[in-house]
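Trainee: pasting the sequence and the predicted coordinates here, then a few questions.
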Amino acid sequence: MSVLQKYEEEIYTLLRIAVGFLFLWHGTQKLIGFPEASYTPPFHIKYIAGSIEFIGGLFIMTGFLTRWTALLASGLMAFAYWIAQGTNALLPIQNRGELAALYCFVFLFIAAKGSGKGSLDKIFFPK
């Protein structure tokens, strides 16, 4: 579709910002309890995963150290999938792991593609 192809970079930037913003809230939920979660995570999930989610979401959203941050976030989501859901059933639709699987592969794509337009990487690390 040539209409959308003209705006490929802008749409990618919107994807990066939206995914980073959504991921950030998973971190705030663990670190400060907002929004309220349906369970209390264990210490290591709360502080390690919560910090990666909050800082990683902020970095990905703003496009700062995007490739490394997205790669770390992708690994976290792969680990989270196998620890929390992967042992319960084979398919993500069965084990409620769709969100972790999607985050994992979207972050992997972001790590491969980079920060795109409107990023702090373009300001701090121009080519």
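Mentor: Everything's here; your move.
Trainee: and the strands in this protein?
Mentor: Counting by DSSP state E, the chain forms no strands at all.
Trainee: could you list the low-confidence segments of it?
Mentor: Applying pLDDT under 70 to the chain picks out residues 1.
Trainee: max-length helix in it?
Mentor: Across the chain, the helix with the greatest residue count (assigned by DSSP state H) is helix 8-31.
Trainee: in that helix, what's buried?
Mentor: 12-13, 16-17, 19-20, 22-24, 26-27, 29-31 (16 or more other C-beta atoms under 10 Å). Backbone N, C-alpha and C define where each C-beta goes, glycine included.
Trainee: which one of these is nearest Ala73?
Mentor: The closest of the buried residues of helix 8-31 to Ala73 turns out to be Phe23 (C-beta to C-beta; 6.6 Å).
Trainee: contacts only, for that closest one.
Mentor: Counting by C-beta atoms under 8 Å, 6 or more residues apart in numbering, Phe23 makes contact with 53, 56-57, 60-61, 73, 103.
Trainee: one more time with 6 Å, if that's ok
Mentor: Phe23 sits next to 53, 57 when contact means C-beta atoms under 6 Å, 6 or more residues apart in numbering.
Trainee: likewise Ala100?
Mentor: So Ala100 contacts 77, 80-81 (C-beta under 6 Å, 6+ apart).
Trainee: the residue lying closest to Ile11 once chain neighbours are set aside: how many residues sit nearby?
Mentor: Residue nearest to Ile11 in three dimensions, not counting chain neighbours: Leu4, with 6.8 Å by C-beta to C-beta, 6 or more residues apart in numbering. Neighbour count for Leu4, taken as other C-beta atoms under 10 Å: 9.
Trainee: report the separation between Leu4 and Ser115.
Mentor: 20 Å (C-beta to C-beta, to the nearest Å).
Trainee: ok, now Leu91?
Mentor: 33 Å.
Trainee: can you get me a residue count around Ala70?
Mentor: Neighbours of Ala70 (other C-beta under 10 Å): 27.
Trainee: repeat for the one 5 residues further on
Mentor: Taking other C-beta under 10 Å as the neighbour definition, Gly75 ends up with a count of 15.
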